[in-house]
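Asks: give me a 3D structure for the following:
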Amino acid sequence: MLRSLKKHDINWLENNLLDEDCDFIIVSDKEGSVIANKDAPFDLITEIPVDITNKIKTLDFINGIFLTDKGPAIITVANVKNNEGGGEPPGLLIYGRYITKELLSEVKKTSDSDITIFTNGAIVSTLEQKSEIN
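Replies: Next comes the predicted model:
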């Protein structure tokens with residue numbers, strides 16, 4: 001993957017980055033310009049927000065919740081490094097999964113508690129009322 005990222009081999013990146021547990025995958029250069037993606041939300045198709053690219057400079061990876069145009073998503077952002085984990089990372093790899101009622105239901109089973117996420121314009125909940133994002 002490191003070689004493909006350095007060469008901006010979009011075809012290889014888009015055809016080989018697939019994970020059935022993720023809703024979207026994004027590869028960007030270290031400045032956050034998107035090189036390739038699979039099903040990325042509209043607001044992450046061309047550029048990764050500066051807050052994320054600044055934070056990842058000091059860490060190997062970060063996890064968090066990002067509000068997308070398709071609703072909230074759990075994301076993992078990692079620096080792309082060589083097989084030994086060294087060298088200057090030429091880019092970022094982002095995996096995302098949308099927070100749906102089904103996902104929250106899985107968490108509810110573990111925590112034995114209802115969960116509701118409120119965002120501007122979206123509510124995702126395990127409560128009996130219907131979620132606005134499915």
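Asks: for the lengthiest strand in the chain, which strands pair with it and how are they oriented?
Replies: Counting by DSSP state E, the longest strand found in the chain is strand 71-80. Strand 71-80 sits in its sheet next to strand 61-68 (antiparallel), strand 91-98 (antiparallel), going by DSSP bridges.
Asks: if you count neighbours, what's buried in that strand?
Replies: 71-75, 77-80 (16 or more other CB atoms under 10 Å). Where you see a C-beta, it was placed from the backbone N, CA and C, and this is true even at glycine.
Asks: redo those as TSV? Include distance to Leu92 and pLDDT.
Replies: Shown next, in TSV, are these (distance: CB to CB, whole Å; pLDDT from 0 to 100):
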residue	distance to Leu92	pLDDT
Gly71	22	86
Pro72	20	89
Ala73	16	91
Ile74	16	91
Ile75	11	92
Val77	6	93
Ala78	7	88
Asn79	6	87
Val80	7	82
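Asks: got the residues you listed as JSON lines, with distance to Lys101 columns?
Replies: JSON lines is the format used below for the buried residues of strand 71-80 (distance: CB to CB, whole Å):
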{"residue": "Gly71", "distance to Lys101": "11"}
{"residue": "Pro72", "distance to Lys101": "12"}
{"residue": "Ala73", "distance to Lys101": "14"}
{"residue": "Ile74", "distance to Lys101": "14"}
{"residue": "Ile75", "distance to Lys101": "19"}
{"residue": "Val77", "distance to Lys101": "25"}
{"residue": "Ala78", "distance to Lys101": "28"}
{"residue": "Asn79", "distance to Lys101": "33"}
{"residue": "Val80", "distance to Lys101": "33"}
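Asks: quick one: Val80 and Gly87 touch, right?
Replies: No. Val80 lies out of contact with Gly87 (CB atoms under 8 Å); the separation is 9.7 Å.
Asks: ok, the residue nearest the centre of the chain - contacts?
Replies: Centre of the chain computed as the mean C-alpha position; nearest residue by CA atoms, centre = their mean is Gly96, 2.9 Å away. Applying CB atoms under 8 Å, 6 or more residues apart in numbering to Gly96 gives the contacts 22-26, 40-41, 66, 68, 73-76.
Asks: let's see that with 6 Å instead.
Replies: 23-24, 73, 75 (CB atoms under 6 Å, 6 or more residues apart in numbering).
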